[in-house]
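Asker: dropping a prediction and its sequence here:
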Amino acid sequence: MAKIKGAVVVDINRCKGCDLCVDACPVDVLALEPKEVNDKGYHYAYMAKEQGCIGCASCGYVCPDGCITVYKVKVD
């Protein structure tokens, strides 16, 4: 059975830093950018631990602004 690896892409200009995606991630891959802010002045979400993503898409489901896209790749 192939293993699935995920990648999360956040539209940082739409993200309002609500932290719901960070809380929803079961493997603690996401975090809010501690220093930088987007054009609206919010600390945006980003992949802090890129190798840990399992592609479950929980973050995308809870995002109220729909600014998260999750990609899944099969790893042999």
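Answerer: Yep, it's here. Numbers count the residues shown, from 1 in each chain.

Asker: hmm, residue 11 is touching residue 63, no?
Answerer: No. At 9.7 Å, residue 11 does not count as touching residue 63 under the criterion of C-beta atoms under 8 Å. In this view, the C-beta of every residue, glycine as well, is placed from N, C-alpha and C.

Asker: more neighbours: these two, which one.
Answerer: residue 63 (21 against 15; other C-beta atoms under 10 Å).

Asker: contacting residues for that one?
Answerer: Residues in contact with residue 63 (C-beta atoms under 8 Å, 6 or more residues apart in numbering) are 20, 21.

Asker: residue 53 too?
Answerer: Residue 53 sits in contact with 5, 6, 7, 8, 27, 29, 47, where contact means C-beta under 8 Å, 6+ apart.

Asker: and what of residue 68?
Answerer: Residue 68 neighbours (C-beta under 8 Å, 6+ apart): 8, 9, 10, 11, 21, 45, 59, 60.

Asker: could you list which of the contacts of residue 53 belong to strands?
Answerer: 5, 6, 7, 8, 47 (DSSP state E).

Asker: how close does the residue nearest to the last one when sequence neighbours are not counted sit to residue 23?
Answerer: Meaning residue 47. Leaving aside its chain neighbours, residue 47 sits nearest to residue 8 (5.2 Å; criterion: C-beta to C-beta, 6 or more residues apart in numbering). As for residue 8, its distance to residue 23 is 14 Å (criterion: C-beta to C-beta, to the nearest Å).

Asker: what's the answer for residue 10, then?
Answerer: Residue 10 is 15 Å from residue 23, where distance means C-beta to C-beta.

Asker: ditto for residue 59
Answerer: Counting by C-beta to C-beta, the gap from residue 59 to residue 23 is 9 Å.

Asker: those two: which has the busier surroundings?
Answerer: Between residue 59 and residue 23, counted using other C-beta under 10 Å, the more crowded position is residue 59 (25 against 12).
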